[in-house]
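# Based on what follows, work out the 3D shape:
(one chain, ligands or ions: 2)
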Amino acid sequence: MAASSNSSLSGSSVSSDPEDYQPPIWKSYLYQLQQEAPRPKRITCPQEMESRPKYYGREFHGMISREYADELLVGAEGAYLIRESQRQPGTHTLALRFGHQTLNYRLFYDGKHFVGEKRFESVHDLVTDALITLYIETKAAEYIAKMTTNPIYEHLGYTSLLKGTMVHRLSRGRTEPRRVTFQRDERISSPLVQRTALKDTPEKQCFYEKIHNFKVHTFRGPHWCEYCANFMWGLIAQGVHCSDCGLNVHKQCSKLVPSDCQPDLRRIKKVYSCDLTTLVKAHNTTRPMVVDMCIREIELRGMNSEGLYRVSGFSEHVEEVRLAFDRDGDKADISASAYADINIIAGALKLYLRDLPIPVITFDLYSTFIQSAKLPNAESRLEAIHESLLQLPPAHYETLRYLMAHLKRVTQLAKDNLMSSENLGIVYGPTLMQPPEQNALITLNDMRQQKLVVQLMIEHEDVLF
Ligand SMILES: [Zn+2]
Ligand SMILES: [Zn+2]
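Residues are numbered from 1 along each chain as shown. Ligands and ions are numbered 1, 2, ... in the order given. Sure thing, here's the model as predicted:
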């Protein structure tokens, strides 16, 4: 149940001494309370009611008064019935006995039964869950309010992983952003700092923050919160579950969990269309392997190819490369013997970037970049783009930096490949930047700026990144 044995955690660089590891002590107080909670007792109506909706059973009593319902339920904790409202005929009320009083809830049905957020297959399930919740939240209100103050989270290794992360991040996380001053008298295209040929970054680990991908979850069988170690009570929707790393916590605890999600490779099914940060965290790389591998292959044998990135590869072969990455990850074969035409590899790289659920230039920052490009003054334009770049999520920033350095090298061979920074801006603008709302008119209006942003990032790659 605990996510501590998760392979991606043990594969991390942080050496947590196994001797130090203490399995968490699950706290059973709330579990015991759930066992003690009153059980539902259905109070049936002695006669068949004609007005009974077909989705209710004999617990439906028709249009009886609030007082009469109270009389029928009195003395039995957990007793319940459904009545039709006298004031608003056609609407239904669940009358439930709890804490020596009758509680009345407006009851709804739309294929499932509900009085609040949670939806149930049957009224019986709804009442069971309501009784557990009422019982626990009445008996243990103070305990619940305090349960998050002493988390066990670090015992599971997450916090120690984070501590290690912080240290590393200070020393060598994202490349220290250079403060660039754009001076009026200085030619912005400063002498090219020719980077030595691409080499794999020696450090394989990356320490990007990633938020958990929590979704409300129904647990089968008893489950304990991996943040506070307390039981997750209720019949359904007892807590939330991270679909990337498998962490299970209370809804209220999820707000306190740090952004240290370490996706489990077994849960990340695909490479294409997977969130960029999630992919690099799962594979423990600095950038998506598709980007590194395709660029390496192109630099090896395609830099002089005429119309590189503009000429499309045969789309069925591009699709094959996508499937190979999805299936084999960094073992995918994209060598010349598998795909002689370099445009297929270039196409696969563009497809990867275009299919990201959040583009490399994120939806959040899209208009910031577009506005930067609209500035009339060349220096303030570059300054604004530089500022915008610094706001990108680190994994996005690193990917963009690497790609721009590569595209710059492509333009240096423009006399062979005929690809200028402007041509590449046309190709890569809409690949790297997509407006948050898909709107043909916006897209058309922004095309000029999209092109310009990419063109400027290529031309001034050495000062911008
Ligand atoms: Zn997670
Ligand atoms: Zn919790």
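
# tell me which parts of the stretch 51-200 of the chain are close to ligand 2?
Residues of the stretch 51-200 of the chain lying near ligand 2 by C-beta under 5 Å from the ion: none. (Each C-beta comes from the backbone N, C-alpha and C, glycine too.)

# low pLDDT regions in the stretch 51-200 of the chain?
Across the stretch 51-200 of the chain, the ranges flagged by pLDDT under 70 are 154-200.

# For this structure, which segments count as strands?
41-42, 79-84, 92-98, 101-109, 113-114, 214-217, 239-242, 248-249 (DSSP state E).

# gap between the fifth one and the chain center?
Put plainly, it is strand 113-114. Centroid displacement of strand 113-114 relative to its chain, using C-alpha atoms, centre = their mean, to the nearest Å, is 29 Å.

# That strand - contacts with which helices or strands?
strand 101-109, helix 123-139 (3 or more C-beta pairs under 8 Å, 6 or more residues apart in numbering; DSSP states H and E).

# Determine which stretch of those is the most buried.
helix 123-139 (a mean of 20; mean count of other C-beta atoms under 10 Å).

# What's the separation between the residue nearest to His100 when sequence neighbours are not counted and ligand 2?
Nearest non-adjacent residue to His100, counting by C-beta to C-beta, 6 or more residues apart in numbering: Glu77, 7.7 Å away. Glu77 is 27 Å from ligand 2, where distance means C-beta to the ion, to the nearest Å.

# what separates Glu77 from Ile144, distance-wise?
Glu77 is 21 Å from Ile144, where distance means C-beta to C-beta, to the nearest Å.

# Same check on Ile298?
Distance, Ile298 to Ile144, by C-beta to C-beta: 57 Å.

# neighbour count winner among those two?
Set Ile298 next to Ile144 and count neighbours by other C-beta atoms under 10 Å: Ile298 wins out with 22 against 17.

# wait, isn't the more buried one in contact with Leu308?
Yes - using C-beta atoms under 8 Å, Ile298 and Leu308 qualify as a contacting pair, with a distance of 7.2 Å.

# where do the contact lists of the two overlap?
Ile342, Ala346 (C-beta atoms under 8 Å, 6 or more residues apart in numbering).

# contacting residues around the residue nearest to His100?
Pro38, Arg97, Phe98, Gly99, His100.

# Kindly recompute the last result at 7 Å.
Listed by C-beta atoms under 7 Å, 6 or more residues apart in numbering, the contact partners of Glu77 are Pro38, Arg97, Phe98.

# Correct me if wrong: the second one contacts Gly75.
No - at 8.1 Å, Arg97 does not count as touching Gly75 under the criterion of C-beta atoms under 7 Å.

# so can I have TSV of the helices and strands packed on strand 113-114 showing distance to ligand 1?
Below are those laid out as TSV (distance: least, C-beta to the ion, whole Å):
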stretch	distance to ligand 1
strand 101-109	33
helix 123-139	26
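
# can you list the domain ranges for the chain.
According to automatic domain parsing, the chain comprises the domains 1-24+149-207+212-258, 36-141, 283-464.

# quick one: which of those domains is nearest Arg267?
Closest to Arg267 of the domains of the chain, according to C-beta to C-beta: domain 1-24+149-207+212-258, at 5.9 Å.

# for ligand 2, what are the nearby residues on the stretch 201-350 of the chain?
Applying C-beta under 5 Å from the ion, we find that the stretch 201-350 of the chain lies next to ligand 2 at Cys225, Tyr227, Cys228, His250, Cys253.

# so the last one makes contact with Tyr227?
The one in question is Cys253. Yes - between Cys253 and Tyr227 there is a contact under C-beta under 7 Å: 3.9 Å.

# Please enumerate the shared neighbours of these two.
Between them, Cys253 and Tyr227 share no contacting residue, judged by C-beta under 7 Å, 6+ apart.

# Was I right to think Phe219 contacts Gln238?
Yes - at 5.3 Å, Phe219 counts as touching Gln238 under the criterion of C-beta under 7 Å.

# Please identify which of these two sits among more neighbours.
Neighbour count, other C-beta under 10 Å: between Phe219 and Gln238, Gln238 has more, with 25 against 17.

# Tell me the spacing between the more buried one and Leu134.
Taking C-beta to C-beta, one finds Gln238 at 15 Å from Leu134.

# Mind listing what's buried along stretch 76-85?
Glu77, Gly78, Ala79, Tyr80, Leu81, Ile82, Arg83, Glu84 (16 or more other C-beta atoms under 10 Å).

# err, stretch 390-406, not the other one
Buried-residue list, stretch 390-406, by 16+ other C-beta under 10 Å: 392-406.

# Now the two most distant members of those.
Pro393 and His406 (20.1 Å).

# For the residue positioned nearest the centre of the chain, which non-adjacent residue is closest in space?
What sits nearest the mean C-alpha location of the chain, by C-alpha atoms, centre = their mean, is Asn213, with 4.2 Å. Excluding the flanking residues, the one nearest Asn213 by C-beta to C-beta, 6+ apart is Asp244, at 4.6 Å.

# which ones are touching that neighbour?
By C-beta under 7 Å, 6+ apart, the residues touching Asp244 are His212, Asn213, Cys261, Pro263, Arg267, Thr278.

# Of the residues you listed, which are in range of ligand 1?
His212, Cys261.

# Between the contacts of Asp244, which sits nearest Glu459?
Closest to Glu459, out of all of the contacts of Asp244 and judged by C-beta to C-beta, is Thr278, at 31.6 Å.

# which residues does the closest residue in space to that closest one that isn't next to it in sequence contact?
Residue nearest to Thr278 in three dimensions, not counting chain neighbours: Pro263, with 5.2 Å by C-beta to C-beta, 6+ apart. Residues near Pro263 by C-beta under 7 Å, 6+ apart: Ser8, Asp244, Cys245, Thr278, Lys281, Ala282.

# pLDDT value on Pro263, please?
What the model reports for Pro263 is a pLDDT of 90.

# Got phi/psi on it?
Main-chain dihedrals, Pro263, degrees, to the nearest 10: phi -60, psi 140.

# any idea how far it lies from Phe219?
Using C-beta to C-beta, one obtains 21 Å as the distance from Pro263 to Phe219.

# Which single residue of the stretch 351-465 of the chain ends up nearest ligand 1?
Ala395 (15.4 Å; C-beta to the ion).

# In this structure that residue contacts Thr278, no?
No - with contacts counted by C-beta under 7 Å, Ala395 stays clear of Thr278, the gap being 9.1 Å.

# Which positions are bridged to the nearest residue to Tyr56 once chain neighbours are set aside in the beta structure?
Nearest residue to Tyr56, sequence neighbours excluded (C-beta to C-beta, 6+ apart): Ile82, at 5.6 Å. On the basis of DSSP bridges, Ile82 is bridged to Phe60, Leu94.
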